[in-house]
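> here is my input; please provide its structure:
(2 chains)
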Amino acid sequence: MLDNRSITGRYIGLFLLGCFLFCYPVLTIFNLPYCLLGIPFFFFYLFAAWSILIVFVIFCTKIPDTFQSQGADTAGNNEKQSG
Amino acid sequence: MLEQKIIIFVSFGYMGLLFAIAFWGDKRAEAGKSIISNPYIYALSLAVYCTAWTFYGSVGAASRSGATGFLSIYLGPTLMMILGWPVLRKIIRISRINRITSIADFIASRYGKSATIAGAVTIIAVLGIVPYMSVQIKAISTSFQLISQYPDVYMAKTATSLSATKDTAFSVAILLALFSVVFGTRHLEVTERHEGLVAAIAFESIVKLIAIISVGLFITYGLYSGFGDLFTQASLVPKIKQLFVMEVNASTFTGWYNALFLAMMAIFLLPRQFQMIVVENVDENHLKKAVWLFPLYLLAINIFVIPIAFGGMLHFFEQCASDPVCKQTLPETFSGILKFTNGIVDADYFSLTLLMAKKQQGLALFVFIGGMSAATGMVIVETIALSTMVCNDLVMPVLLRLPFLKLEQKSDLSRLLLIIRRVSILLIILLGYLYFHYVVEYYSLVSIGMISFTAVAQFCPAVIGGIFWKGATRRGALWGLLAGFLIWLYTLVLPSLGQAGFLSQDLLTNGPFGIEFLNPTHLFGLDVQLLGFDQYTHAVFWSMFTNIALFIGVSLFSTQNAMERKQAILFVDVFKYSSESEKSSFWRETASVADLRMLLERFLGKNRTDDALSLYARQHNINWGKKLIADAGLVSHAEKLLAGAIGSASALVMVRSVVEEEPLGMDEIMHILDETQQIIIYSQELEKATKDLEAANERLKELDRLKNEFISTVTHELRTPLTSVRALAEIVQNNPDLDAQKHHRFVGIIIKESERLSRLINNVLDFQKIESGQIQWQMTRLDFREVIEDSIFSTGQLIEEKNIDLTLDISNQAGFVSGDKDRLIQVMVNLISNAVKFCDPEYGKIQVGMYAETIKTGGNENRYLKVFVKDNGIGISKKDQEIVFQKFRQAVAGSKGRPAGTGIGLTITQHIIDSHGGRIWVDSELKKGATFFFTLPLLQ
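Predicted structure coming up:
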């Protein structure tokens, strides 16, 4: 069952993955003077890693629309009425 | 030749379009059909992050230092958005509940609605954003200057053209200010939400994205035949080829992390980002999609930055080679500026100048509009956010505290609020212009922006610490903020002013008064060269270090007042108290409704007050005619309404002026919020536990009494047969010449009495086994007819003796059950002998029978065997029917006194039936006999 804590855990995991992909030592690994598909390898890595991270975020964090974070319901309604 | 008239006409036309969108958005919002209430518009509105810095500056940064020069500014926000669910959602929730209107309001509200903190944050934000504002002014005026001299790409040829740029910049600043005023302060919002503005910003985000992608496509596929071709051409130029990889050294290392950190902070701490992410958020669930939509936008807007930079470099380096001045002045590493005979070309504007050089008039104009779009979006949202802060957190608190102004007696202050906001917008943009005028020409777009990012990063400890650490105090936050701000001023702003000639260069080289230790470019003797720190890393390191250290240190050694404690709990535990805190009130006492209404009208105007109060009345079923005294809830509601207009710190002061009673004391607030809630739960549990214990104790006492009774009954029951056995045995022994008939009778009685004795003892032993759970069940499949027959056989003598008429009512069909045969026989024997015992002494009748029955429980149908034993004895009263199965209980039957037996036979019987998955009960009326029923699950 999807609860608040497991969703938070997923996001933190993805955040750490992002930190790893773009940390300086990892960047130096891909800092190579070659070209891949005509694109300098370093640029290719940066944009590919970035895209992969976004795709991961899309798929790993699919939260059903029915999932309401606790209290969201009541607070949301009040605001809509008085806002 | 592009005529200036056309450029101006198109620019104004575009602005008009934005107004139309904003107007439409507001109309739709009023009609209740919000156009911004979806995650896509929300994500696009966050893209107000991409300003002229992104649009023009990134290209310059990429041409100076490759991918690492600009990408971290967009990877930081990507990482931060991934943390949107745990961090940003919390900030959004807190802000909605507390009606937070700005970042200053947020921080002040967390630290006890402190006006000092609100003021400090506002000052830091305004001064911190000034350089950033100047970037936009510079970008618009430079790009305007460039495009209006189409197709000439060189700028600042002479001193006159430089001052012409400055004149343009002044007009641009004035126009921007007017736009912002009209956009943001058309009317005073109760909640500081601007639906139309958000719609316009989302539109702007689309325009700038399309613009930059169009240039990128034109360069990549129009001038070259794709990425491969472009990079192959670029690799032939050493100055460009060296940008293909990053230079691995201390400087790129620290620079990379520094920019990543600053961008992570800026994405939600910049006043305009806070406005868009938090204040303008319609539904917190939009964040779910925005966490990937916004990074996707950032990715898209950055894809063509490198191709544009390289395309520009390829073209202008070629030009440079044929220009005598340029050829000589071109340094080893490209600094972003090319000096030609006819003027300079700045890499920041490659996207524009390259199109102009290639005679792409229409596309160049579109790019100009895109750049303007990026810049105006930033200026409008930023000034609206800042002016709200200046008005609510800086000017109003001061004005309200000045007694001679007698503001408290003014009937309508909403006009005054609007005027203050408009004036502050003008002043902020003017400051931006002045900074541009005197300082900015020495810097590139990106480097000025970094000054602002460093300033807003100072809010990070107070905000992040504030929402996750209850112990953070007002003093800690204030000390941290001030220290960080002062170091920012000292290490970043001072050197930039020094470079602009406002201060003697001596300060930057030798430190103040020749004290090298305090040199603003390497404070406390930090070896910046060795560490690879540039001036931004240096400033970020020292300012964040002192900020965090003081924030934590002072917090640990200072105490919170009542309001701080309350706010700390509301912020940190926002998800726990979400529902309660809507109701929670700081106010204990009441105010008159008329006073409150007057107060609201002064700040919100009459119409909005009426709307807000009638809504409250509808929600709470209040009739204003009858309600004269406002309770704590209404006072609290009014305070929140006011907070939306003038900020929480000022709202608190104003409400205090109406409500005579002081706010609650510390222990009382704790009472409402935290501890008591738990204490109540604890005490409820305690009470329950005590009650349970008391009941258990009562039961134990009762059992103890019954056990005593049982022992006396048992001993009495045992003694009676024992006495008769002994007496008869003595007679037999003492009279050897007893006649045979008597002898036989006496021995018969002795046998019968000893049988009764062993039956009693067996019962007691059985009971003891049941009580200690030691019974071993021998479960077999058996036909219950056999059980009945066997039990009748063994009670046959008893029945005959009493001359009882026994009828059997057994169907021919077998009733198979799973059970322990001996135990089930015991059940039947118990029931039959019970029936015999209580049967009518003269015309005893017992009926024993069984039949199958289907019982519906829930959706299931279960087949049971139902067995009954019916007598025509004295019967059992309704009251006694409940207790006959309890241990040591016997129904006291009328005047006859206690019946024979121990009172545990039925308890054993019930236990056996329960263990077989059945149920036993009795149906009876006094004097009309009793029927014992029991059921057993039938086997298929």
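> span of stretch B:487-507 from start to end?
Length of stretch B:487-507, first residue to last, Cα to Cα, to the nearest Å: 15 Å.
> so which bits of it are buried?
B:487-498, B:500, B:503, B:507 (16 or more other Cβ atoms under 10 Å in any protein chain shown). Just so you know, the C-beta spots here come from the backbone N, C-alpha and C atoms, and that holds for glycine as well.
> let's see which of those residues end up in strands.
Using DSSP state E, no member of the buried residues of stretch B:487-507 sits in strands.
> what's the helix or strand residue B:312 falls within packed up against?
Per DSSP states H and E, residue B:312 falls inside helix B:305-321. The helices and strands touching helix B:305-321, judged by 3 or more Cβ pairs under 8 Å, 6 or more residues apart in numbering or on different chains; DSSP states H and E, are helix B:58-65, helix B:195-217, helix B:227-235, helix B:238-241, helix B:324-329, strand B:337-340, helix B:350-357.
> chain A: which of those is closest?
Minimum separation from chain A across those (Cβ to the nearest Cβ) falls at helix B:227-235, 2.6 Å.
> so who does whichever residue of the stretch 301-450 of chain B sits closest to chain A touch?
Nearest residue of the stretch 301-450 of chain B to chain A: residue B:306, at 6.1 Å (Cβ to the nearest Cβ). Residues near residue B:306 by Cβ atoms under 8 Å, 6 or more residues apart in numbering or on different chains: A:43, B:62, B:66-67.
> returning to what we had before: which of the buried residues of stretch B:487-507 sit farthest apart?
Greatest spatial distance in these: B:487 and B:500, 20.1 Å, computed using Cβ to Cβ.
> just to revisit the earlier point, switch the contacts of residue B:306 over to a markdown table; also include distance to residue B:656.
A markdown table is the format used below for the contacts of residue B:306 (distance: Cβ to Cβ, whole Å):
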| residue | distance to residue B:656 |
| --- | --- |
| A:43 | 59 |
| B:62 | 55 |
| B:66 | 57 |
| B:67 | 55 |
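> among the residues you listed, who's most crowded?
The most crowded member of the contacts of residue B:306, judged by other Cβ atoms under 10 Å in any protein chain shown, is residue B:62 (29 neighbours).
> my guess is it meets residue B:305, correct?
Yes: Residue B:62 is within contact range of residue B:305, at 5.2 Å (criterion: Cβ atoms under 8 Å).
> give me the neighbour count for residue B:885.
When counting by other Cβ under 10 Å, one arrives at 18 neighbours for residue B:885.
> what's the local residue count around the residue lying closest to it once chain neighbours are set aside?
Counting by Cβ to Cβ, 6 or more residues apart in numbering or on different chains, residue B:885 lies nearest to residue B:910, which is 4.6 Å off, once chain neighbours are set aside. Neighbour count of residue B:910, defined by other Cβ under 10 Å: 22.
> element containing residue B:910, please.
Per DSSP H and E: helix B:905-915 holds residue B:910.
> tell me which other helices or strands the next helix or strand after that helix touches.
Per DSSP H and E, helix B:905-915 leads on to strand B:919-924 as the next helix or strand towards the C-terminus. Packing contacts for strand B:919-924, counted by 3+ Cβ pairs under 8 Å, 6+ apart, involve helix B:878-883, helix B:905-915, strand B:930-937.
> mind checking how far the shortest one is from the chain centre?
This means helix B:878-883. For helix B:878-883, the separation from the chain centroid amounts to 56 Å (computed by Cα atoms, centre = their mean, to the nearest Å).
> buried set for stretch B:208-223?
Buried residues in stretch B:208-223, defined by neighbour count with 16+ other Cβ under 10 Å: B:208-209, B:211-212, B:214-216, B:218-220, B:223.
> I'd like the average pLDDT over it.
For stretch B:208-223, mean pLDDT rounds to 92.
> please, where are all the helices along the stretch 151-300 of chain B?
Using DSSP state H, counting those that start in this stretch, the helices found in the stretch 151-300 of chain B span residues B:159-184, B:195-217, B:227-235, B:238-241, B:250-269, B:271-274, B:286-302.
> least confident of the ones you listed, on average?
helix B:159-184 (a mean of 76).
> which stretches of chain A form strands?
All strands of chain A, identified by DSSP E, fall at A:35-36, A:39-40.
> by contact count, what packs against the first one?
What that stands for is strand A:35-36. Using 3+ Cβ pairs under 8 Å, 6+ apart, strand A:35-36 is in contact with helix B:227-235.
> next one, pLDDT for whatever residue of chain A ends up closest to chain B please.
Closest to chain B within chain A is residue A:38: 2.6 Å, counting by Cβ to the nearest Cβ. With respect to pLDDT, residue A:38 scores 83.
> excluding covalently adjacent residues, which one is nearest to it?
That would be residue B:228: by Cβ to Cβ, 6+ apart, it lies 2.6 Å from residue A:38.
> spit out the contact partners of the one you found.
By Cβ under 8 Å, 6+ apart, the contact list for residue B:228 reads A:35, A:37-39.
> outline the domain layout of chain B.
With domains defined by automatic domain parsing, chain B comprises B:4-402+B:412-459, B:584-669, B:677-748, B:775-937.
> from the chain's centroid, how far away is the third one?
In terms of Cα atoms, centre = their mean, the centre of domain B:677-748 is set 64 Å apart from its chain centre.
> over to the first one?
Centre-to-centre, domain B:4-402+B:412-459 and its host chain are 30 Å apart (Cα atoms, centre = their mean).
> quick one: low-confidence ranges for chain A?
Across chain A, the ranges flagged by pLDDT under 70 are A:1-5, A:61, A:63-83.
> which helix in chain A has the most residues?
Using DSSP state H, we find that the single longest helix of chain A is helix A:41-60.
> that one close to chain B?
Yes: applying Cβ under 8 Å from any Cβ of the partner chain, one finds helix A:41-60 in contact with chain B at A:42-43, A:46-47, A:50-51, A:53-54, A:57-58.
> most neighbours per residue, which of the strands of chain A?
With neighbours defined as mean count of other Cβ atoms under 10 Å in any protein chain shown, those peak in mean count at strand A:39-40, which reaches a mean of 22.
> point out the other helices and strands that that one packs with.
The criterion is 3+ Cβ pairs under 8 Å, 6+ apart, and the helices and strands that strand A:39-40 contacts are helix B:227-235.
> distance check, the closest residue to residue B:390 other than its chain neighbours against residue B:436.
Spatial nearest neighbour of residue B:390, excluding adjacent residues (Cβ to Cβ, 6+ apart): residue B:424 at 4.0 Å. Counting by Cβ to Cβ, to the nearest Å, the gap from residue B:424 to residue B:436 is 19 Å.
> residue B:268 too?
Residue B:268 is 26 Å from residue B:436, by Cβ to Cβ.
> got it, and residue B:540?
23 Å.
> give me every residue that touches the residue of chain A closest to chain B.
Taking Cβ under 8 Å, 6+ apart, we find residue A:38 in contact with B:226-229, B:231-232.
> re earlier: could you give the mean pLDDT of the host helix or strand of the residue nearest to residue B:390?
Here residue B:424, judged by DSSP H and E, is contained in helix B:414-438. Average pLDDT, helix B:414-438: 85.
> who are the packing partners of it?
Contact partners of helix B:414-438 among helices and strands, from 3+ Cβ pairs under 8 Å, 6+ apart: helix B:115-148, helix B:159-184, helix B:361-389, helix B:593-604, helix B:632-646.
> which residues of the stretch 601-750 of chain B fall in strands?
With DSSP state E, counting those that start in this stretch applied, the stretch 601-750 of chain B shows strands at B:629-630, listed in chain order.
> what bits of it have low per-residue confidence?
B:626-628, B:660-681.
> so which bits of it are right by chain A?
Residues of the stretch 601-750 of chain B lying near chain A (Cβ under 8 Å from any Cβ): B:612, B:615-616, B:619.
> how about low-confidence regions in the stretch 801-940 of chain B?
In the stretch 801-940 of chain B, residues with pLDDT under 70: B:858-859, B:887-903.
> for residue 6, list the residues it contacts.
Assuming you mean chain A. By Cβ under 8 Å, 6+ apart, the contact list for residue A:6 is empty.
> other chain: chain B
Residue B:6 sits next to residue B:365 when contact means Cβ under 8 Å, 6+ apart.
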